[in-house]
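Undergrad: Sharing a model that was predicted from the sequence below.
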Amino acid sequence: MVPLSALWLPIVLSAVIVFVASSIMHMVLPYHRSDYQKLPDEDKVLAAVRAAGVKRGLYVFPFCTHKEMKSPALVEKYNQGPVGMMTVFPNGPPVMPKFLGLWFAYCLIIGFFVAYLTAHTVAPGAYYLAVFRVVGTAAFLAYGLGNMSNSIWKGQTWSMTVKEVIDGLVYALLTAGTFGWLWPR
C-alpha cells in the first residue's frame with residue numbers, strides 16, 4: 001500500500017493541470033459557447049421574476065406535490081408550458097474568484113479520493129499503465145459520468161451533457177497521466 005502522504009504532489013499537480021485545462025476548454029475553445037441561451041424578451045422576463053420576489057434557490061415550474069401530479073388543472077399547466085427548472089443566484093455580478101476557488105477545491109477533493117483508492121489498489125513501483133488505468137477510471141467516474149444526471153433529471157440538453165462527459169474524460173486522462181508519472185517507485 002502507498003501512504004497518502006506520498007501522493008500529495010500528484011494530488012495537487014493534477015488539480016492544477018485540470019484547472020488550467022478546464023480554463024482553456026471553457027474560455028479559449030469554441031465548443032462550449034452554445035451551451036447557454038438568452039431568454040426571449042429577457043428584460044420583460046427578468047422584470048416579472050423580480051416583481052415576483054424570487055430569491056436565491058432552485059425552482060421547478062409548474063410546481064406541484066406528488067398528490068397534485070394528476071389533477072386536471074396541473075396537467076393543463078404542464079401542457080400549456082413552459083415546464084422547467086430555474087436556478088437563481090444571489091443578486092450581483094458572478095463572483096468568479098469564488099467559483100474558481102471552489103472548482104479548484106473540487107479538483108483537489110477528486111485528486112484526494114482518487115489517490116486514496118489507487119493507494120489501496122496499486123502497489124508502490126507499479127508500472128505507469130497500471131496506475132493510469134485505476135486513476136483514469138476513478139477520475140472519469142468523478143469528472144465525467146456524474147454529469148449525466150443533469151440530462152436525466154434537470155432537463156439539460158444531451159448535447160451539453162456529452163460535452164461535459166468529454167471534458168471529464170480529458171480531465172481524467174490528465175489526472176491519470178499525472179499520477180502515473182509521479183507514482184512512487
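TA: Everything's here; your move. Numbering: from 1, shown residues only.

Undergrad: distance of residue 68 from residue 173?
TA: In this view, residue 68 and residue 173 are 47 Å apart by Cβ to Cβ, to the nearest Å. The way it works is simple: take the backbone N, C-alpha and C, and place the C-beta from them, glycine included.

Undergrad: quick one: low-confidence ranges for the protein?
TA: Across the chain, no stretch falls below the confidence threshold (pLDDT under 70).

Undergrad: follow-up on the earlier one: compare residue 68 and residue 173 (neighbour count), which wins?
TA: Remark: of residue 68 and residue 173, residue 173 carries more neighbours, 17 against 12, as counted by other Cβ atoms under 10 Å.

Undergrad: need the contact list for that one.
TA: Applying Cβ atoms under 8 Å, 6 or more residues apart in numbering to residue 173 gives the contacts residue 136.

Undergrad: What segments of this structure are strands?
TA: 57-61, 84-88 (DSSP state E).

Undergrad: Next, the angle strand 84-88 makes with the first one.
TA: Between strand 57-61 and strand 84-88, the angle comes out at 160 degrees (axes from the mean of the first three to the mean of the last three Cα atoms, to 10 degrees).

Undergrad: Can you give me the buried ones in strand 57-61?
TA: When burial is assessed from 16 or more other Cβ atoms under 10 Å, strand 57-61 yields no buried residues.

Undergrad: residues contacting the residue positioned nearest the centre of the chain?
TA: Of all residues in the chain, the one closest to the mean position by Cα atoms, centre = their mean is residue 147, 5.8 Å from it. Applying Cβ under 8 Å, 6+ apart to residue 147 gives the contacts 161, 164-165, 168.
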